[in-house]
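> whatever this is, show me its structure:
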Amino acid sequence: MTISYDDFAKVDVRVGRVTRAEINPEARKPAYVLSVDFGPEIGELTSSAQLVDHYTPDSLVGRLVLGVVNFPEKRIAGVKSACLVLGVPDVEGAVVLLSPERPVPVGGKMF
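Down below sits the predicted model:
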């Protein structure tokens, strides 16, 4: 399926910095509750993310990530998830986070 650039532009993907990461005890599959700072325009948003295979809470805090910030909020395993942190699967299906290759300001919009 192809989409127009206008369709693509509706998805608001921003750079954020993880400020907090904790195990989500209510998740059926192991997951973290993340707080991600997307800068002054968006603010700090919460997400539930299945990242435990490659990341510890300490390795996540301070990390730059990419996230979709304009999806409606959704309850996931007891967490009000307000953003979707983006990743891709490795060869075994575990999530590897997408992040900028160089330092960039939080809140920067992907284009």
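
> beta partners of residue 75?
Beta-bridge partners of residue 75, counted by DSSP bridges, are residue 80.

> show the end-to-end separation of stretch 76-96, please.
20 Å (Cα to Cα, to the nearest Å).

> so for it, what gets flagged as buried?
76, 79, 81-87, 95 (16 or more other Cβ atoms under 10 Å). All C-beta spots, glycine's among them, are computed from the backbone N, C-alpha and C.

> among those, which one lies nearest to residue 111?
The nearest member of those to residue 111, counting by Cβ to Cβ, is residue 86 at 14.9 Å.

> pretty sure the closest one contacts residue 100?
No - applying Cβ atoms under 8 Å as the test, residue 86 and residue 100 come out as separate, 11.6 Å apart.

> any idea how far the residue nearest the centre of the chain is from residue 96?
Among the residues of the chain, the one closest to the centroid is residue 85, at 1.6 Å (Cα atoms, centre = their mean). When distance is defined by Cβ to Cβ, to the nearest Å, residue 85 is 12 Å away from residue 96.

> just residue 17 next, same as before
Note on residue 17: its distance to residue 96, by Cβ to Cβ, is 18 Å.

> contacts for stretch 3-15, please.
38-39, 42, 64-70, 86, 100, 104-110 (Cβ atoms under 8 Å, 6 or more residues apart in numbering).

> what's the end-to-end length of that stretch?
Stretch 3-15 end-to-end distance (Cα to Cα) = 23 Å.

> buried residues in that stretch?
13-15.

> just the residues you listed: which are in strands?
When DSSP state E is applied, those are split such that 13-15 fall in strands.

> nearest to residue 91 among those residues?
residue 13 (24.8 Å).

> what bridges to the closest one?
The partner residues for residue 13, given DSSP bridges, come to residue 68.

> how many neighbours does residue 64 have?
20 (other Cβ atoms under 10 Å).

> that should have said residue 68, apologies.
Residue 68: 15 neighbours (other Cβ under 10 Å).

> so who does it touch?
11-13, 83-84, 86.

> swap the cut-off to 10 Å and go again
11-14, 47, 83-86, 110 (Cβ atoms under 10 Å, 6 or more residues apart in numbering).

> cool, thanks, talk later.
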